[in-house]
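Asker: with the input below, show me the fold.
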Amino acid sequence: MTTRPIDYKSELNEAQYQAVTAGEGPILVVAGAGSGKTRTLVYKVAWLVEQGVEPSSILLLTFTRRASSEMLARATAMLDNRCQQVVGGTFHWLANRVLQRYGKLVLLGSAFSIIDRSDAEDVLNFLVGKLGFRDQNRRFPKKGTISDIFSKSVNRDETLEQVLAREYEQFLQYHLELLELREHYDLYKRQHQMLDFDDLLVYLSRLLREHQEVCLQLSTSYSYVLVDEYQDTNRLQADIVQALTKYHQNVMVVGDDSQSIYSFRGAHFRNILDFPKLFPQSRVFKLEENYRSPQPVLNLANGIIQSSREKYTKCLYTRKPRGQRPWLLRPGDESRQSEYICEKIKELKHKGIPLKEMAVLFRASYHSFDLEVALTRLGFPFIKYGGFKFIESAHVKDVLAHLRALKNPPDRISWNRLLLLVNQVGSKRSQEILQHLGQSRKGLERLASYASKLPAKHGLHRLVQLFEELSKPGITVSQQVRAVRDYYEPLLVAKYDDYPKRLRELDYLQDWTLKYDRLEEFLADVALEPPSSNVPENHPDTARDHLVLSTIHSAKGLEWRAVFLISAVEGRLPPSQAYADEEVLEEERRLLYVAVTRAKEFLYLCCPRRIYDRRTGFHYAPLSLFLRELPGGDYFQDGGEVEVHPLAVSEAELEEARGFSPGDVVRHPFFGRGRVIAVPDRVKVQIKFEDGRTRLLHVGFAPLERVASIY
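Answerer: Numbering: from 1, shown residues only. A predicted model of the protein is given here:
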C-alpha cells in the first residue's frame with residue numbers, strides 16, 4: 001500500500017479537483033476533448049476508496065472492458081490494491097453478469113448464448129424465407145436493413161412504424177410483416193436460448209423495472225456509479241443508470257456533448273443534455289483545459305462547434321506554447337491528395353516522427369481507397385480501422401461456431417454453419433442432422449449416433465472426433481481453439497486463395513485466448529467486445545512502425561502527433577444526405593470537431609477541388625459547410641493548390657536499393673516474405689510475395705531484410 005495520501009489539490013487542475021472531491025449526489029462532468037476526463041475518473045475512484053467507500057460497492061461503467069481495466073490499474077498504482085476490487089466493465093458485460101444470476105426472473109436460462117450481428121442477420125434471413133415475405137415481385141428489406149430497423153426501435157425506444165417513417169419510408173408498406181417477423185425472431189431466440197446485443201440491455205432494463213427487489217439489491221450493492229462517455233449512451237443505458245441509482249442518487253457521469261457521434265448505434269444525444277432534468281439535484285463541472293493539442297488547433301475546434309444548435313458552452317484552451325496553425329490544402333483531385341499525403345508523411349518521417357504517430361482520418365471507409373492504392377504501391381505499411389471487423393471474417397466465425405455449439409448445443413446457427421463445412425454435408429443433410437439433434441443439450445451424443453449410420457469415410461466422423469477432443473476434462477481454452485484450427489485448416493486451405501494470411505489470423509485468435517480459463521468467458525468477450533484488429537496487442541507485429549488509417553468514428557478517444565483529414569468537402573463531410581435532417585447535420589459537425597481534436601502537433605485538412613461520384617462523375621467540391629461558416633479568425637496556413645514533387649530519397653536509401661539483386665529472398669514487415677524479381681531503377685525493388693502478389697516497393701517506405709530460407 002502507498003505510504004502517503006494523494007495530494008489531489010496539486011495533482012489536478014481546479015475543475016478536475018472540484019469534480020473529484022464533490023461528495024454525494026448526482027454529478028455531471030462536461031469534459032472537452034483532451035481535457036483529462038479519464039484522469040478525473042481515475043482520481044475519483046481513488047478518492048472514493050480513500051474516503052472509506054467499500055471498493056466492491058463502486059461500479060465503473062465504460063464502453064470497452066479495456067478502458068475500465070486500464071482505469072482501475074492506474075488507480076491501483078496511484079493508491080493501493082483496494083482499487084482492483086472496484087467493479088468495472090461495459091453495460092453489456094454488466095447485463096450478462098446480472099442475467100446469469102437473475103435471468104430466471106425474466107424467463108431466461110443461465111446457459112444462453114450471445115449472438116453477434118451477423119448471426120442475428122442469418123436468423124432473420126432464415127425467418128424471412130420461412131414466412132414467405134420475399135419473392136421476385138416485391139422489394140422486401142434485406143437482412144442487414146431489418147437488423148438496423150429492429151435495433152433502432154429498441155435503442156431509441158420507438159415503434160417500428162416511427163423508425164420506418166423517419167428513415168425507411170420506402171419500407172412502410174411492410175410494417176405489418178416486419179411486426180410479425182419481429183415476433184417470430186423473439187420466439188426463435190427464446191426457443192434456442194439466444195440473446196443479441198440489444199436483448200442484453202432490454203432484459204436488464206426489464207429486470208430492474210419489473211422486479212424491485214432486484215433493483216433494490218443492485219442499487220444497494222453499488223452505492224456509487226461512475227459512467228464514462230455518457231454522451232454515447234442510448235435510452236436503455238440511461239434508464240439502467242437511473243435504476244441502479246434509484247435508492248441513493250450517487251452517480252457521476254463524464255462526457256462531452258460535442259463528441260456525440262454514434263446515433264447510428266442508437267446513442268441518444270439528449271441523454272447528456274437532459275441529465276440535469278433527470279437528476280434535479282445535479283452539479284455540473286466543466287473541464288476546458290486541454291492537454292493534447294496546440295492552441296491554433298483548439299481555436300479551430302472551438303470555431304467549428306460554436307455554431308452548434310444545442311450544446312454546453314465551453315471553450316478549450318491550453319497552457320502549451322503556441323504551435324503551428326493547421327494547414328488547409330486544396331489538391332486538384334483525390335489522386336493528387338494521395339500523392340501529397342505520401343510526400344508529406346515521408347517528410348515528417350525524416351523529421352523523426354514515427355509512422356505510428358501519424359494518422360489519416362476520413363468520414364467513410366471508401367474515402368481512403370485511392371490513398372490505400374498509393375500506399376500499397378509504395379510498400380508503405382499501414383493498418384486500417386473502421387469498416388469490416390476481424391471477428392466478422394468468415395474463417396474466424398467458422399472456428400467460433402464449433403466452440404459455441406460445444407458450449408450451447410441448442411445453438412442452431414452455429415451447428416448449421418459448422419455442418420455446412422463438412423464434406424458430403426449440404427443444406428438438406430444439415431437440416432436433417434439439426435432435426436436429429438433437436439433441442440437436447442446432449443449434442444455430441446446425438447451427433448455421434450447419427451454419424452454411426454454413415455460410411456466410415458464420411459466427413460461427419462472427423463467432426464465427432466473433434467467434439468470428443470474438445471470435451472476432454474482439463475482441456476484449456478487455448479487448446480480447444482488449436483484443436484478446431486487444426487481440424488479446420490484443410491477446409492480453409494481448400495476454400496481461400498489467401499489462406500496463409502487467414503491461418504495467421506487464426507493463430508492471433510489463439511494468442512488472444514491465453515488469458516482465459518473458461519470457454520464461456522472467452523465466448524462472452526468475443527461477442528461483447530471482440531478485438532478490433534487482426535493483430536493482438538502483445539503480438540510482435542504491433543511493435544513495427546505503421547501508419548494508421550481510420551474512420552473518424554473509430555479514431556475517437558485516440559491521438560497522434562500528426563493528423564491528416566482527407567476529403568473535408570461538401571458531399572463527403574458532410575455527406576449530401578445529411579442536409580435532409582438537422583439532427584444528422586449537427587452530428588456531422590461534431591464529427592469534424594472530433595477529427596481535428598485528435599492532433600497533438602500537426603493538423604492537415606485536405607480538401608480536393610474535384611471529387612468523383614458514381615452517379616454524376618467528377619464535379620467541383622466546395623469546402624465543407626463547417627469550414628465555410630467558421631466565425632471570423634485566422635485559423636489556417638493556406639496551402640493553396642497543392643503541387644506534388646518527386647519523393648526525396650536519402651543516400652542511405654539509395655545504398656539499400658543498390659544492395660538487392662533479382663533472386664534475393666527478403667522479408668517486409670507488412671507483406672511478409674518474398675523474392676526479388678527486379679530492381680528497375682535506383683529507388684524501387686520489385687518483389688513477388690508468398691501471397692502470390694507482385695509489388696513494386698519504393699525503398700523509402702520499404703524496410704527490407706534478407707532471409708536465408710527459400711520458399
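Asker: flag the shaky bits of the stretch 351-500 of the chain, pLDDT-wise.
Answerer: 387-391, 439-441, 497-498 (pLDDT under 70).
Asker: if we use 80, what do you get?
Answerer: In the predicted model of the stretch 351-500 of the chain, residues 365-366, 369, 373-374, 376-380, 386-393, 438-444, 496-500 satisfy pLDDT under 80.
Asker: where do the strands of it begin and end?
Answerer: When secondary structure is read from DSSP state E, counting those that start in this stretch, the stretch 351-500 of the chain shows strands at 358-362, 382-385.
Asker: any idea which of those is most buried?
Answerer: For the strands of the stretch 351-500 of the chain, the largest average neighbour count (mean count of other Cβ atoms under 10 Å) is found in strand 358-362, namely a mean of 26. For glycine as for every other residue, the C-beta is placed from the backbone atoms N, C-alpha and C.
Asker: that one: partners in the sheet, and parallel or antiparallel?
Answerer: strand 547-551 (parallel), strand 560-565 (parallel) (DSSP bridges).
Asker: got the contact list for it?
Answerer: Outside strand 358-362, the residues that touch it by Cβ atoms under 8 Å, 6 or more residues apart in numbering are 341, 345, 348, 368, 371, 547-552, 555, 558, 560-567, 595, 598.
Asker: kindly report the same for stretch 211-218.
Answerer: By Cβ under 8 Å, 6+ apart, the list of residues contacting stretch 211-218 reads V98, Y102, L105, L207, L208, R209, A243, L244, K246, Y247.
Asker: determine which two of the residues you listed are furthest apart.
Answerer: Taking Cβ to Cβ as the measure, these span a maximum distance of 18.8 Å, between L105 and Y247.
Asker: ok, which of the strands paired with strand 358-362 comes nearest S293?
Answerer: So among those, strand 560-565 is nearest, using Cβ to Cβ, at 9.6 Å.
Asker: who does the helix or strand that that closest one is followed by touch, helix- and strand-wise?
Answerer: Counting by DSSP states H and E, the next helix or strand C-terminal to strand 560-565 is helix 582-596. The contact analysis (3 or more Cβ pairs under 8 Å, 6 or more residues apart in numbering; DSSP states H and E) places helix 582-596 against helix 295-306, helix 552-555, strand 560-565, helix 625-628.
Asker: pull out the buried positions in helix 582-596.
Answerer: 584-596 (16 or more other Cβ atoms under 10 Å).
Asker: coming back round to it: quick one: closest of the strands paired with strand 358-362 to Q295.
Answerer: Q295 lies closest to strand 560-565 among those, at 16.0 Å (Cβ to Cβ).
Asker: how far does that closest one sit from its chain's centre?
Answerer: Averaging C-alpha positions (Cα atoms, centre = their mean, to the nearest Å) puts strand 560-565 20 Å from its chain's average.
Asker: what residues does that strand touch?
Answerer: Strand 560-565 is contacted from outside by 341, 344-345, 348, 353, 357-362, 548, 552, 592, 595-596, 598-606, using Cβ under 8 Å, 6+ apart.
Asker: rerun that using 7 Å as the cut-off
Answerer: 341, 348, 353, 357-361, 548, 595-596, 598-606 (Cβ atoms under 7 Å, 6 or more residues apart in numbering).
Asker: now the residues you listed: which count as buried?
Answerer: 341, 348, 353, 357-361, 548, 595-596, 598-606.
Asker: filter the contacts of strand 358-362 down to the buried ones, PyMOL style.
Answerer: Per 16+ other Cβ under 10 Å, the buried members of the contacts of strand 358-362 correspond to this PyMOL selection:
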select buried, resi 341+345+348+368+371+547+548+549+550+551+552+555+560+562+563+564+565+566+567+595+598
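Asker: tell me the contacts of S153?
Answerer: Here S153 is in contact with T159, L160, V163 (Cβ under 7 Å, 6+ apart).
Asker: of the residues you listed, just the buried ones, ChimeraX syntax please.
Answerer: Here is the ChimeraX selection string for the buried members of these, based on 16+ other Cβ under 10 Å:
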select :160,163
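Asker: let me know the closest of the contacts of S153 to S430.
Answerer: Looking across the contacts of S153 and measuring by Cβ to Cβ, the closest to S430 is L160, at 31.8 Å.
Asker: wait, the closest one sits on Y174?
Answerer: No: using Cβ atoms under 7 Å, L160 makes no contact with Y174, being 9.7 Å away.
Asker: would you mind finding the longest helix in the protein?
Answerer: helix 477-495 (DSSP state H).
Asker: for Q170, give its distance to I149.
Answerer: As for Q170, its distance to I149 is 12 Å (criterion: Cβ to Cβ, to the nearest Å).
Asker: of the two, who's got more company?
Answerer: Neighbours per residue, other Cβ atoms under 10 Å: of Q170 and I149, the larger number sits with I149, 21 against 10.
Asker: measure that one to L187 for me?
Answerer: Following Cβ to Cβ, the distance that separates I149 from L187 is 18 Å.
Asker: count of neighbours near K457?
Answerer: 9.
Asker: next: H192.
Answerer: Using other Cβ under 10 Å: H192 sits among 17 other residues.
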